[in-house]
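A.B. asks: Curious how this folds, go ahead:
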Amino acid sequence: MTNWLKPERRRWIILALVFAAMVLNYVDRQIVSVLKPTLKAEFGIDDRGYATLINVFVFCYAATYAVAGWLVDRFGAGRMMFWGVLAWSSASLASGFTRTFGQLAVCRGLLGISEPTTFPSQLRTVTIWFPPALRATANSICAAGSTIGAIIAAPLVAWLTLNISWRAAFVVPALLGLGVAVLWRFLYRDPPAEIAAQAGAAEAGAGARFTWGQLWRTRSLWGILLSRFITDPVWYFCLFWLPGYLQEQSGFTLAQVGLFGWIPFLFADVGGVGSSMFSDRLVKRGFEPLRARKFTLAGAAIVAPLCALTPHIPQPVATLAIFCVVGAVCLTWLFNLGVVVAECFPAANVGSVWGIAGAFGAVGAMCFNAYVGEAMSTFGSATIFTALAFLHPLGAIVLCLMTRRERPAAAPSLRPA
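C.D. replies: Numbers count the residues shown, from 1 in each chain. A predicted model of the protein is given here:
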């Protein structure tokens, strides 16, 4: 191995590629939210039709997330990340050539089927390449790519639409994604034994794992699943409804969304990365790792009810300011929950657990999304923001009471469940 690709350096190169994949993953899923008024006019749909389009994606996403996690544990992060990025970039590329609402819905469904491979692969990669004292920070850098994607999406999609066409907004990011897939194929390797040992992941190759059936009997799995089911709808609302809300309720034009709509996602990233660094600092100061993650998550949940003020302070600047805080809460949770999984379960199970958790989060978002589409059309937005305000505090109670370090009673055979 050449010196410039020694393991200590390779892991940061791998981290950069994961970051790039996460950026493009979120750009691709955010396109429809930025183009909501444009697509409604292009395909002749209303808010209920738009909610259907979102739910096609979320349903497929939820249905395949748990399977994707198992596949990552079965075949490895390297292989599944490659095929995942290749597949969802191709689905996004096809979206740019659709002519009917049905065709666009099919492409969004394919995007939903293929995108879940990214997140279990990312968590598995961080778990086996980075030691606990760096794990939350490394995980947050990877996961921050998702919100960088959300930041980039608004100005990029607006610029491409206004200067070329809305179809280019799908095609250009998709081509970049295909390039990332090629780079990943040539540069990713599993860590050598000494790096895996530093990361505490040597057990992944030694068979220290829960079987699929044993996982479902652990209390921590249910704590993580329920907390994501409860809290994920807030982040999905930010992704799929906030850009349209700014245009249709706050009076923003598409160009103004491009100029300002990225701001809450920037603050979300800063909050997510900052809270993860704070969590790692607690570990370095002697906090038990899982306790440090819980402390961080509970602290963020305290400020989440600020969301309820949104419809009562209708100025666009106030809406952006409130969602800067809400976004920071959401990403504090998403970034640190992944590390909670790594602290609670053996490395050989983190892909499966995170996949199942992502599926539960997507189902929660899908249920809430159906409510949003109906409520926006009939009752207005106040009830929506009131409901959103208390989801993170409820999730914090569930997480703190139900999660702990889980250890297999005995190491089963090497064959995955």
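A.B. asks: Which residues does stretch 301-313 contact?
C.D. replies: Outside stretch 301-313, the residues that touch it by C-beta atoms under 8 Å, 6 or more residues apart in numbering are 234, 318-319, 322-323, 325-326, 329, 333, 380-382, 385-386, 388-393, 395-396. For glycine as for every other residue, the C-beta is placed from the backbone atoms N, C-alpha and C.
A.B. asks: Which entries within those residues meet the buried criterion?
C.D. replies: 234, 319, 322-323, 325-326, 329, 333, 381, 385, 388-389, 391-393, 395-396 (16 or more other C-beta atoms under 10 Å).
A.B. asks: Give the next helix or strand downstream of the helix or strand bottoming out on mean pLDDT in the chain.
C.D. replies: Least confident helix or strand of the chain, by mean pLDDT, DSSP states H and E, is helix 203-206 with a mean of 44. Sequence-wise, the next helix or strand downstream of helix 203-206 (DSSP states H and E) is helix 212-215.
A.B. asks: Now do the same for that next one: mean pLDDT, whole number.
C.D. replies: Mean per-residue pLDDT for helix 212-215: 83.
A.B. asks: and it, what does it pack onto?
C.D. replies: Judged by 3 or more C-beta pairs under 8 Å, 6 or more residues apart in numbering; DSSP states H and E, helix 212-215 is in contact with helix 350-378.
A.B. asks: What residues of the helix it packs on count as buried?
C.D. replies: Residues 350-366, 368-370, 372-373, 375-376 are the ones in helix 350-378 that count as buried (16+ other C-beta under 10 Å).
A.B. asks: Now find how far off-centre it is within its chain.
C.D. replies: From the chain centre to the centre of helix 350-378 is a distance of 12 Å (C-alpha atoms, centre = their mean, to the nearest Å).
A.B. asks: Just name whatever secondary elements it is in contact with.
C.D. replies: helix 47-75, helix 118-129, helix 212-215, helix 219-240, helix 316-344, helix 382-389.
A.B. asks: Could you say which of these is packed most deeply?
C.D. replies: helix 118-129 (a mean of 29; mean count of other C-beta atoms under 10 Å).
A.B. asks: picking that back up, what would the helices and strands packed on helix 350-378 look like in JSON lines with distance to residue 105?
C.D. replies: Shown next, in JSON lines, are these (distance: least, C-beta to C-beta, whole Å):
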{"stretch": "helix 47-75", "distance to residue 105": "5"}
{"stretch": "helix 118-129", "distance to residue 105": "21"}
{"stretch": "helix 212-215", "distance to residue 105": "32"}
{"stretch": "helix 219-240", "distance to residue 105": "14"}
{"stretch": "helix 316-344", "distance to residue 105": "26"}
{"stretch": "helix 382-389", "distance to residue 105": "24"}
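A.B. asks: Quick one: closest of those helices to residue 112.
C.D. replies: helix 47-75 (3.2 Å; C-beta to C-beta).
A.B. asks: roughly how far out does that closest one sit from the chain middle?
C.D. replies: On C-alpha atoms, centre = their mean, the centre of helix 47-75 falls 12 Å from that of its chain.
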